[in-house]
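Enquirer: following is a predicted model, sequence given first.
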Amino acid sequence: MADQGERLKLYEALELRAELEARIKAVRDCLPEVRKNRDRFYSLREDGNRRPSPDFDPAAARERLKRLELRRRKLNTAIQQANFQHRVEHDGEPMTLSEALEARKRLNESIGELHAQLVASAWQRVIYKEDRDIVEENEVSYAECSERLEAARLAFRSLNRGLRAASFGVTVDFRDG
């Protein structure tokens, strides 16, 4: 991990963002107003009243939450700027990291759709009617579906490797400290 005060690599910034999210959730879940809202949704309520532990100060927790949320917001802005400023190549075309992330998301969705299509194309529907079989042909052949799925998987792998390499080479304008 980067030393305090040093600019972060993109992968470090992403790790830090996940850590900040976990810290924010932990502090927020301890606040009395969140606890009351949470209790409304649960049918099993605890008996008796509750009060803050001697070493827990709700006002200090709210202040810490504000600082953590501000830090996360600044980190998100720095990550977004890096995503728009840096480029990777995919299918011979340079694109910003932001575009590449969208492309990866679309490819992943496409892989799911092609998987479902492959499973469906593995079997033909047979209707038995008056001592003969009527076979409904699949819209796309199993072999064609398999090839398209494999091509999508290879494209996803290639794009993902480019994004991972960028995450180790790109620095984010954010100092951890």
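Expert: Looks like it arrived, so ask away. Numbering: from 1, shown residues only.
Enquirer: this structure: strands as residue ranges?
Expert: Remark: strands assigned in the chain by DSSP state E are 7-9, 87-90, 93-96, 125-129, 132-136, 171-175.
Enquirer: redo these as TSV? Include mean neighbour count.
Expert: Using the backbone N, CA and C atoms, a C-beta is placed for each residue, glycine as well. Below are the strands of the chain laid out as TSV (neighbours: other Cβ atoms under 10 Å):
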stretch	mean neighbour count
strand 7-9	19
strand 87-90	17
strand 93-96	13
strand 125-129	9
strand 132-136	9
strand 171-175	18
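Enquirer: for residue 49, which of the ones you listed is the nearest?
Expert: For residue 49, the closest of those is strand 171-175, at 43.1 Å, according to Cβ to Cβ.
Enquirer: out of the strands of the chain, which is closest to residue 29?
Expert: Short answer: strand 171-175, nearest of the strands of the chain by Cβ to Cβ, at 25.9 Å.
Enquirer: reformat the strands of the chain as TSV; add mean pLDDT.
Expert: Output for these, formatted as TSV (pLDDT from 0 to 100):
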stretch	mean pLDDT
strand 7-9	93
strand 87-90	93
strand 93-96	95
strand 125-129	75
strand 132-136	72
strand 171-175	92
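Enquirer: let me have the ones you listed in CSV, extended by distance to residue 67.
Expert: Listed next are the strands of the chain as CSV, based on distance: least, Cβ to Cβ, whole Å:
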stretch, distance to residue 67
strand 7-9, 18
strand 87-90, 34
strand 93-96, 31
strand 125-129, 61
strand 132-136, 63
strand 171-175, 15
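Enquirer: out of those strands, nearest to residue 50?
Expert: Residue 50 lies closest to strand 171-175 among these, at 38.2 Å (Cβ to Cβ).
Enquirer: domain parsing of this structure, as residue ranges.
Expert: Under the assignment automatic domain parsing, the domains of the chain span 7-87, 92-170.
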